[in-house]
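In: okay, here's the prediction I keep looking at, along with the sequence it came from:
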Amino acid sequence: MINKKTDEFIEWTGLHFITESINNHKGFYDLGYRLLKRFWGQDFATESAFASIDFAFNKLNTSEIYAMADIDNRIITADRLIKKQRTANTWYSTCGFQR
C-alpha cells in the first residue's frame, strides 16, 4: 500500500493461497499484512484487511479465509484487528473467516 499524499510505502497486504498443511488445514487463503510501525493505529491494516476479505469472498469466490498472527503481535495488534473483522464475518476456529 502506498500513501497517496506522500507516495510513501506504508505496508504490503494481501492473500496467499496455502498449499501445505498448517494446523491441519490445507488449500486455503491466508490473509496477511506487514505495516511499518509509524503507521500503526491509523486503520491502514483494518482497511486493507477488509478489502482483501471482500476480494476473496466476492471475486475469488472462496468460502473461507484464515488469518494467523505471531503470538507476540497477536496480543498487541493483530488480535484487535481480527476482532474488528469479526463484526462483518462469521468467526470460527481460532483463525478463520467463513462466508
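Out: Now that the structure is in, tell me what you want to look at.
In: in the protein, which spans are strands?
Out: Assigned by DSSP state E, the strands in the chain fall at 11-18, 28-35, 64-67, 90-92, 96-98.
In: so for residue 43, which of these sits nearest?
Out: Taking C-beta to C-beta as the criterion, residue 43 comes closest to strand 28-35 out of the strands of the chain, the separation being 10.5 Å. For glycine as for every other residue, the C-beta is placed from the backbone atoms N, C-alpha and C.
In: partner strands of that closest one, parallel or antiparallel?
Out: Sheet pairing of strand 28-35 (DSSP bridges) gives strand 11-18 (antiparallel), strand 64-67 (parallel).
In: for those, which one ends up most surrounded?
Out: strand 64-67 (a mean of 21; mean count of other C-beta atoms under 10 Å).
In: I'd say residue 56 and residue 66 touch.
Out: No: under the criterion of C-beta atoms under 8 Å, residue 56 lies out of contact with residue 66, with a separation of 10.6 Å.
In: helices and strands of this structure: which one has the lowest mean pLDDT?
Out: Lowest by mean pLDDT, DSSP states H and E among the helices and strands of the chain is strand 90-92, with a mean of 39.
In: how close does residue 12 get to residue 61?
Out: Residue 12 sits 24 Å away from residue 61, going by C-beta to C-beta, to the nearest Å.
In: wait, I meant residue 30
Out: For residue 30, the distance to residue 61 equals 17 Å [C-beta to C-beta].
In: those two - which one has more neighbours?
Out: The neighbour count for residue 30 versus residue 61, taken as other C-beta atoms under 10 Å, is higher for residue 30 (17 against 8).
In: on that earlier part again, of the strands paired with strand 28-35, which shows the lowest average pLDDT?
Out: Comparing mean pLDDT across the strands paired with strand 28-35, the weakest is strand 64-67, with a mean of 81.
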